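Asks: take this sequence and fold it.
(chains A, B, C and D)
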Number of protein chains: 2
Amino acid sequence: MPEKSHKHVTCENCLSRQNSLFGSFCGEEVDLLERQKSCSYFKKNQPLFIEGSAPRGVYCINEGKVKIFARGEEGKEQIIHLAAAGEVVGFRAMFSGEPYKVSATTLEESNICFIGKSDFLDLVDSNPTLRNGIMKELSKELADRATFITNMAQKSVRERLAFSLLMLQDIYKEEMINLSREDMANFVGTATETLIRLLKDFKEEELIATHARRVEILDREGLLRVAGN
Amino acid sequence: MPEKSHKHVTCENCLSRQNSLFGSFCGEEVDLLERQKSCSYFKKNQPLFIEGSAPRGVYCINEGKVKIFARGEEGKEQIIHLAAAGEVVGFRAMFSGEPYKVSATTLEESNICFIGKSDFLDLVDSNPTLRNGIMKELSKELADRATFITNMAQKSVRERLAFSLLMLQDIYKEEMINLSREDMANFVGTATETLIRLLKDFKEEELIATHARRVEILDREGLLRVAGN
DNA sequence: CGGGGTACATGATAAAAATCATTTTTTACT
DNA sequence: AGTAAAAAATGATTTTTATCATGTACCCCG
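Replies: Below you'll find the model as predicted:
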């Protein structure tokens, strides 16, 4: 496992920034961002923010992964979104004027920069490109969640798992999927035992392979067929 | 049943506007809106827009109700949102630059005004209050959908139905809930037969009463208890 | 105002998934 | 490296929900 640790990343050289909401920033805009942000190292399973608390700013992931989740009645987590490097997390609550309705926690060691609420809102006010990017992002995410809801309502757990594994593959890129069975179950929306049984089925069907907890995708096409789209 | 028909509503006098995204508009802003909008009468079950098509503008509901839904693999509808008078529908796709991911259809006779895409986007560009209202709306809706997903994943159909009935009550206000069993099932996310059986249970438990297809809420508290929040 | 079509309702059965109990494997720590 | 604790895996069983088949009621239209 690569040794990660706190390092001060400059926005200018931040590869993650390129694909982020701030990707359009140039010269002095990057400088301003650089001055306003603070960069922190997060251990695994460390919370960025918690449901019910008041938003203090936004988090830009330089390296690492973050789960965004809500809690149901009995405290069971439902993972709503998984965010990887380049994503800006926590900006939705900036505009709603309400406390967070979801929580965010790191899934692995991460380097994450923080931009305070007023600085961020000033940026949004003064930068039409950023603003449009945000509106676009919000709208797309809204559409994604409509699909999410529909899948949840109409697909079987087996179909949802196949679909989820493909999504996870996109998030983990070259790496193998490395997520606890419980988190995976909370993403798919099922019981941990059911998830484990289905993983076993997929293994027997040679759609995936497992190396301890890590999951390797062997047959994308096959999974896509199982997912039913 | 009140006889509805096409009538030209002026934005100035439109009661629905007060609570809408355009609620903050004053004098000349209202005049501009008035000149740009066109007002139409829609019959029951008439589509406003369809999944996959390119957005042409936004729809402001003066009177009536609209369902927003996606279709799953086998064509089954999943109702994502129910919109009533005062709501502006279809503006999310304005910003995403993508075709509609959902469809919208009237649930009853409705009077709905239309504002073309470029007019609407100009309004948004030139009016910071409107813009902030939209960002707030998008963010809130995103939070709502996180809750929706969590409920879908973790609550039983019985719990979801109780919750849905309370939501429907809020939408239908003084009127009784008047929705086909199929639409109701597609909102709750279950089979029509299951929904009907559960309505019967609720009737026996005196939580609701039915008058033909219309549903009357007898015991809000009780339903809230069943819903489990 | 009657009849046909659609929506609603009920029943029987099968399938899917949750739950609870227990064992095995992996991980983290000293 | 050894061990305790946590996570993963398996098994048995129950509960929930979907599906298929069929009967009934409502309501729109001629």
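Asks: from here on, contacts and neighbour counts on C-alpha atoms
Replies: Fine.
Asks: strands along chain A, start to end?
Replies: Taking DSSP state E as the test, the strands found in chain A are A:38-42, A:47-49, A:57-63, A:66-71, A:77-83, A:88-89, A:103-106, A:110-116, A:208-211, A:214-217.
Asks: as a markdown table, the ones you listed with mean neighbour count, distance to B:L224 and mean pLDDT would be great.
Replies: Listed next are the strands of chain A as a markdown table, based on neighbours: other C-alpha atoms under 10 Å in any protein chain shown; distance: least, C-alpha to C-alpha, whole Å; pLDDT from 0 to 100:
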| stretch | mean neighbour count | distance to B:L224 | mean pLDDT |
| --- | --- | --- | --- |
| strand A:38-42 | 19 | 40 | 93 |
| strand A:47-49 | 19 | 29 | 96 |
| strand A:57-63 | 23 | 34 | 96 |
| strand A:66-71 | 24 | 18 | 97 |
| strand A:77-83 | 22 | 21 | 98 |
| strand A:88-89 | 22 | 33 | 96 |
| strand A:103-106 | 22 | 25 | 96 |
| strand A:110-116 | 22 | 38 | 96 |
| strand A:208-211 | 16 | 43 | 95 |
| strand A:214-217 | 18 | 41 | 96 |
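Asks: those: which one's closest to B:I208?
Replies: The closest of the strands of chain A to B:I208 is strand A:66-71. By C-alpha to C-alpha, the value is 28.9 Å.
Asks: other residues contacting that closest one?
Replies: Applying C-alpha atoms under 8 Å, 6 or more residues apart in numbering or on different chains, the external contacts of strand A:66-71 come out as A:51, A:77-84, A:101-108, B:146-147, B:150.
Asks: any idea of the angle it forms with strand A:77-83?
Replies: For strand A:66-71 against strand A:77-83, the angle by axes from the mean of the first three to the mean of the last three C-alpha atoms, to 10 degrees is 150 degrees.
Asks: what lines up beside strand A:66-71 in the sheet?
Replies: strand A:77-83 (antiparallel), strand A:103-106 (antiparallel) (DSSP bridges).
Asks: out of the strands of chain A, flag the one nearest DNA strand D.
Replies: strand A:208-211 (6.9 Å; C-alpha to the nearest atom of the strand).
Asks: how deep is the residue in chain A positioned nearest to DNA strand C tucked in, by neighbour count?
Replies: Closest to DNA strand C within chain A is A:S156: 3.2 Å, counting by C-alpha to the nearest atom of the strand. Counted by other C-alpha atoms under 10 Å in any protein chain shown, the residues lying close to A:S156 total 11.
Asks: sorry, back to before: which one, of the strands of chain A, ends up nearest to B:S40?
Replies: strand A:77-83 (38.1 Å).
Asks: low-confidence regions, chain A specifically.
Replies: Where chain A drops to pLDDT under 70, the residues are A:1-8, A:229.
Asks: could you list the domains of it?
Replies: For chain A, the structural domains run A:11-152, A:155-227, going by automatic domain parsing.
Asks: and the end-to-end length of the last one?
Replies: Pointing back at domain A:155-227 there. Domain A:155-227 has its terminal residues 8 Å apart, counting by C-alpha to C-alpha, to the nearest Å.
Asks: so that domain, near chain B or not?
Replies: Yes - contact of domain A:155-227 with chain B (C-alpha under 8 Å from any C-alpha of the partner chain) involves A:G189, A:T190.
Asks: identify the residue nearest A:E159 in space, chain neighbours excluded?
Replies: A:A227 (4.2 Å; C-alpha to C-alpha, 6 or more residues apart in numbering or on different chains).
Asks: brain fart, A:K43
Replies: A:E109 (4.6 Å).
Asks: residues in contact with the nearest residue to A:T105 once chain neighbours are set aside?
Replies: Nearest in space to A:T105, with sequence neighbours left out and distances taken as C-alpha to C-alpha, 6+ apart, is A:P47 at 4.1 Å. Shown in contact with A:P47 (C-alpha under 8 Å, 6+ apart): A:S103, A:A104, A:T105, A:T106.
Asks: now with 10 Å?
Replies: The contact partners of A:P47, by C-alpha atoms under 10 Å, 6 or more residues apart in numbering or on different chains, come to A:V66, A:K67, A:I68, A:S103, A:A104, A:T105, A:T106, A:L107.
Asks: identify the residue nearest the first one in space, chain neighbours excluded?
Replies: Here the nearest residue to A:V66 in space, its sequence neighbours aside, is A:T106; by C-alpha to C-alpha, 6+ apart that works out to 4.3 Å.
Asks: list the contacts for the one you found?
Replies: Listed by C-alpha under 10 Å, 6+ apart, the contact set of A:T106 reads A:42-48, A:64-68, A:82-84, A:112.
Asks: how about A:Q154?
Replies: Taking C-alpha under 10 Å, 6+ apart as the test, what A:Q154 contacts is A:R160, B:R71, B:G72, B:E73, B:E74, B:K76, B:E77, B:Q78, B:N186, B:G189, B:T190, B:A191.
Asks: where's it relative to B:E73, distance?
Replies: 8 Å.
Asks: ok, back up a step: between the strands of chain A, which gets nearest to B:S118?
Replies: strand A:88-89 (29.1 Å).
Asks: mind checking if the closest one is in reach of chain B?
Replies: No - residues of strand A:88-89 contacting chain B under C-alpha under 10 Å from any C-alpha of the partner chain: none, with a closest distance of 12.8 Å.
Asks: contacts for that strand?
Replies: A:17, A:20-22, A:48-49, A:57-62, A:66-68, A:82-83, A:104, A:112-114.
Asks: residues from chain A in reach of DNA strand C?
Replies: A:K155, A:S156, A:V157, A:R158, A:G189, A:T190, A:A191, A:T192, A:E193, A:T194, A:A212, A:R213 (C-alpha under 7 Å from any atom of the strand).
Asks: farthest-separated two in these?
Replies: A:K155 and A:A212 (28.0 Å).
Asks: more neighbours, these two?
Replies: A:K155 (17 against 7).
Asks: pretty sure the more buried one contacts B:G72?
Replies: Yes - here A:K155 lies in contact with B:G72, judged by C-alpha atoms under 10 Å, at a distance of 8.3 Å.
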